[in-house]
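Novice: Show me how the following folds:
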Amino acid sequence: MTARLPRIVIAGMAIESSAYAAHRAGHDDFAVLRGSEVLARYPFLAPGTPLGDAAEWIGVFYARSIPGGQVRRDVYDDFRSRIVTGLAEVGNVDAVYLDVHGAMGVEGMDDAEGDLVEAVRAVVGTRPLITAPMDLHGNVSERFARAVDLPTCFRLAPHEDAEDTRERAARTLLEWVDRDERPARAWVRVPILLPGEKTSTRVEPARSLYARLTDVERMPGVTDASIWIGYAWADEPRCHATVIVSGDDPDAITAEAEELARGLWDVRDDFSFVGPPGSLAEGISAGLAHRAAGGERPYLVSDSGDNPGAGGSGDVTWTLHQLLADERLTGAVDDLTVAVASIFDPGAVASLDDAAVGSTVDLQAGARVDDRVSGPVRITGVLVGRYDDPVAGRVVVIGVGALRVIVTERRKAFHAVDDFRAVGIDPLATDIVVTKIGYLEPTLYDVAAGWTLALTPGPVDQDLARLGHHRIARPMFPFDAFDTAPDLTATVLR
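Specialist: Numbering: from 1, shown residues only. Take a look at the predicted model:
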């Protein structure tokens, strides 16, 4: 007689939301998957694979957006309802694979992921296990940790291990689903809130901290060990670093969680920017000096304050205003090329519908969503190219002296070499690439011949003090001084 395979449903909703972005995420911001489309997101669950054949995997509903502002409440309520309804229609299940980010913000709510997982638990009941693979930039409340049996998160920033983490979550879930006992979690709140550009695992101390996790989870009685460094551009009580160690030995997981938390706290002063920081002007000057010295292309400049990959609105014009006012870039400089990515403005793109490539254009663009830092910018130049992009929609590239300004119909993060090549710009043939990014994602990191992490203003400002957090629990490093070490005692959840 063939043993019954466990029934496991997959659902989720993921976005990273800055509380300081004017952007609001609506239905159009999300890519939505249903049924078999959900399963196709996880190639390691395909039929014929060890994990795929070990359970009956059932896709329900999954919605994902690039980072941005808070989600409109009606959109969250709609997606939450679709998940709950879909789970109810599936009937009895053995486990839930809940794919979330951990830093979703919703208008009028605190702890959106905590609300979502409690809604899931209410419909599936207390018996099924729930796992949640997450971004290490999530903010994990005790409420969320109590409802999720097997939480885990990425161990690399940039997140080159995202697929590995999702597969690890599925594998761990299968290891527990037929057991008579439930995993325990040791949860530790660590009062640290730092931007991702200071906590990249490319450099110390994060590299060594996260490298310890594999050894910890190999210990007897331990199933998983995770460190959430947190998301600094939200403003909720759950905003802080978190350590969770799960397993079947409460004493072992408690000891290891507290040790990891102390290790994180002890190196709090050692975190620094992953790339050379500076002002925008310093970054451009460094790029021009690099070119003058015969350096290879390209020199990268991060417009970090409006990084859509971290929650920026994507149409803050402050940097573009500065670049258009810089005569070194707009004047006659032989063969100098400077790519600028990007701002989105559907009206500005549409205003060029009748303009021929090669013609002179004059338009106002940007700051339609987020005008708190600077207003729309006037761009007068030559229409260099017109493109269609599956994410950005219609795209125009406008030449102003050495500048090649990218204006898109919809929000898009230009975080990869191919993003630029798709709009006619080859970074390897460009002297300076200015893009709305923080730390460099892999393909840009690989080609960068030089780099400045420009500390520009915007919804994901690296200078957290300028943002005005007022709802986080205090004291919190680096906002406050600590005369004594905080309480890092683990709470064991079962």
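Novice: domain ranges for the protein?
Specialist: Structural domains of the chain, as assigned by automatic domain parsing, span the residue ranges 7-272, 277-461.
Novice: Tell me which stretches of the stretch 51-200 of the chain form strands.
Specialist: Counting by DSSP state E, counting those that start in this stretch, the stretch 51-200 of the chain has these strands, from start to end: 56-64, 95-100, 129-134, 150-153, 184-190.
Novice: related to what we said a few turns ago, can you put the domains of the chain in CSV and add distance to Phe482, mean neighbour count and mean pLDDT?
Specialist: Quick note: C-beta positions are derived from backbone N, CA and C, even for glycine. Formatted as CSV, these follow (distance: least, CB to CB, whole Å; neighbours: other CB atoms under 10 Å; pLDDT from 0 to 100):
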stretch, distance to Phe482, mean neighbour count, mean pLDDT
domain 7-272, 8, 20, 98
domain 277-461, 24, 20, 97
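Novice: Of the ones you listed, which is nearest Asp487?
Specialist: Of all those, it is domain 7-272 that lies closest to Asp487, at 8.7 Å by CB to CB.
Novice: State the distance from Leu129 to Glu175.
Specialist: For Leu129, the distance to Glu175 equals 10 Å [CB to CB, to the nearest Å].
Novice: Endpoints of stretch 236-244, how far apart?
Specialist: Using CA to CA, to the nearest Å, the gap from the first to the last residue of stretch 236-244 comes to 20 Å.
Novice: Return the alpha-carbon coordinates of the strand or helix carrying His290 using CSV.
Specialist: For His290, the host element (DSSP states H and E) is helix 280-292. Included here for helix 280-292 are C-alpha records, laid out as CSV according to Å, rounded to 0.1, in the frame of the first residue of the first chain:
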residue,chain,number,x,y,z
LEU,A,280,27.0,62.7,-5.1
ALA,A,281,29.4,65.5,-6.1
GLU,A,282,32.3,63.5,-4.7
GLY,A,283,31.1,60.4,-6.6
ILE,A,284,31.0,62.2,-9.9
SER,A,285,34.4,63.8,-9.3
ALA,A,286,35.8,60.4,-8.5
GLY,A,287,34.3,59.0,-11.6
LEU,A,288,35.8,61.8,-13.8
ALA,A,289,39.2,61.4,-12.1
HIS,A,290,39.0,57.7,-12.7
ARG,A,291,38.4,58.3,-16.4
ALA,A,292,41.1,61.0,-16.7
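Novice: after it comes which helix or strand?
Specialist: With DSSP H and E, the next secondary element past helix 280-292 is strand 299-303.
Novice: what about dumping the CA coordinates of whichever helix or strand comes after that next one to CSV?
Specialist: Using DSSP H and E, the helix or strand that follows strand 299-303 towards the C-terminus is helix 318-324. What follows is helix 318-324, C-alpha atoms only, in CSV (Å, rounded to 0.1, in the frame of the first residue of the first chain):
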residue,chain,number,x,y,z
TRP,A,318,17.2,65.4,-6.5
THR,A,319,20.2,63.6,-8.1
LEU,A,320,19.1,64.4,-11.6
HIS,A,321,18.7,68.1,-10.7
GLN,A,322,22.3,68.0,-9.5
LEU,A,323,23.6,66.2,-12.6
LEU,A,324,21.8,68.5,-15.1
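Novice: And the contacts of whichever helix or strand comes after helix 318-324?
Specialist: The C-terminal neighbour of helix 318-324 among helices and strands, as given by DSSP H and E, is helix 327-330. By CB atoms under 8 Å, 6 or more residues apart in numbering, the residues outside helix 327-330 that reach it are 284, 288, 323-324, 336, 338, 400-403.
Novice: Any idea which of the strands of the stretch 51-200 of the chain gets closest to Glu197?
Specialist: Proximity to Glu197 (CB to CB) singles out strand 150-153 among the strands of the stretch 51-200 of the chain, at 18.1 Å.
Novice: Which strands border that closest one, and is each parallel or antiparallel?
Specialist: In the sheet containing strand 150-153, the strands it pairs with under DSSP bridges are strand 129-134 (parallel).
Novice: Tell me which of the domains of the chain lies nearest to Ile472.
Specialist: Checked against CB to CB, the stretch from the domains of the chain lying closest is domain 7-272, at 4.8 Å.
Novice: Regarding the closest one, how distant is the last residue from the first?
Specialist: Start and end residues of domain 7-272 are separated by 45 Å (CA to CA).
Novice: what distance separates that domain from the centre of its chain?
Specialist: On the basis of CA atoms, centre = their mean, to the nearest Å, the separation between the geometric centre of domain 7-272 and that of its chain is 13 Å.
Novice: Same check on stretch 261-273?
Specialist: The chain centroid and the centroid of stretch 261-273 are separated by 21 Å under CA atoms, centre = their mean.
Novice: hang on, the earlier thing: now the angle between strand 299-303 and the helix holding His290, please.
Specialist: Angle of helix 280-292 versus strand 299-303, following axes from the mean of the first three to the mean of the last three CA atoms, to 10 degrees, is 170 degrees.
Novice: Which strands or helices does helix 280-292 pack on?
Specialist: Secondary structure elements in contact with helix 280-292, counted by 3 or more CB pairs under 8 Å, 6 or more residues apart in numbering; DSSP states H and E, are strand 299-303, helix 318-324, helix 327-330, strand 432-435, strand 450-454.
Novice: Can you pull out the residues in contact with it?
Specialist: Residues outside helix 280-292 that contact it (CB under 8 Å, 6+ apart) are 278, 297, 299, 301-303, 319, 322-323, 326, 328-329, 336, 338, 431-432, 434, 449-450, 452-454, 456.
Novice: before we move on, back to that, could I get the contacts of helix 327-330 as JSON lines with distance to Phe271?
Specialist: JSON lines is the format used below for the contacts of helix 327-330 (distance: CB to CB, whole Å):
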{"residue": "Ile284", "distance to Phe271": "27"}
{"residue": "Leu288", "distance to Phe271": "30"}
{"residue": "Leu323", "distance to Phe271": "30"}
{"residue": "Leu324", "distance to Phe271": "35"}
{"residue": "Leu336", "distance to Phe271": "36"}
{"residue": "Val338", "distance to Phe271": "31"}
{"residue": "Val400", "distance to Phe271": "38"}
{"residue": "Gly401", "distance to Phe271": "39"}
{"residue": "Ala402", "distance to Phe271": "36"}
{"residue": "Leu403", "distance to Phe271": "34"}
